[in-house]
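Asks: Here is the input, now give the coordinates:
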Amino acid sequence: MGGLLFVGSSGGHLAQMLSMSAWWKHRERAWVTFNTPDAASALDGEQVTWAFHPTTRNPLNALRNLWLSCLVLRRQRPDAVISTGAGVALPFFLMAKLSGIPTIYVEVYDRIDSQTLTGKLCRPLSSAFCVQWEEQLECYPGATVIGPLL
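Replies: Below is the predicted model of the structure:
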C-alpha cells in the first residue's frame, strides 16, 4: 500500500489528525482508531482498522494492539506512521521503529506545560516530534513547532 498511516484515539486526537487534511487529502492513507460513533462518522469512506480500547491500564488491550500493529504494518507497509496519541500510538510506533518505518508524533494542543504519557513514551521512537505551541518546547526541547491544528 504505502502512503500514510494515521494512528490515534478517537475524539480530540482524531479531530487533530483530521484537521491536517490539507496535507493528507491527496495522499494514499489509512487510519487506526477506536470504533466510536464520532470516528465511524468522521472516517466514513476511509480505510480504517479498528483498534482495541480502552487502552489506559488495560494490559490485554495493549497486547492486542501490539499484535494488531504487527498485522497492519506488515499488510500496509506505510511510508510513515503519524499520531497525536494517545495509548494506541505506542505499539504502532514501537513496531514501526523496529520495521524501519518513519514515525511522526504531534503532541496534543491542550497540554502546554507538561508532557503527556504517550508523548513521553513515543518521543524516543519518533523520527520527527512536533508540538503545536512554542511553550511546549520547554517540555520537549528540540521539537518542531508546527502551530495549532485546531
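Asks: Now do the contacts for the residue lying closest to Val48 once chain neighbours are set aside.
Replies: Nearest non-adjacent residue to Val48, counting by C-beta to C-beta, 6 or more residues apart in numbering: Trp31, 4.7 Å away. All C-beta spots, glycine's among them, are computed from the backbone N, C-alpha and C. By C-beta atoms under 8 Å, 6 or more residues apart in numbering, the residues touching Trp31 are Leu5, Phe6, Val7, Met17, Leu43, Glu46, Gln47, Val48, Thr49.
Asks: In terms of helices and strands, where is the second one?
Replies: In other words, Phe6. Element membership for Phe6, per DSSP states H and E: strand 4-8.
Asks: and Gly45, what does it touch?
Replies: Per C-beta under 8 Å, 6+ apart, neighbours of Gly45: none.
Asks: Next one: it from Trp31, what distance?
Replies: From Gly45 across to Trp31, the span is 11 Å (C-beta to C-beta, to the nearest Å).
Asks: Now, of the contacts of Trp31, which are buried?
Replies: Buried residues within these, counting neighbours by 16 or more other C-beta atoms under 10 Å: Leu5, Phe6, Val7, Met17, Leu43, Val48, Thr49.
Asks: which two in these are spaced the farthest apart?
Replies: The distance between the two most remote of those (C-beta to C-beta) is 14.3 Å, for Met17 and Thr49.
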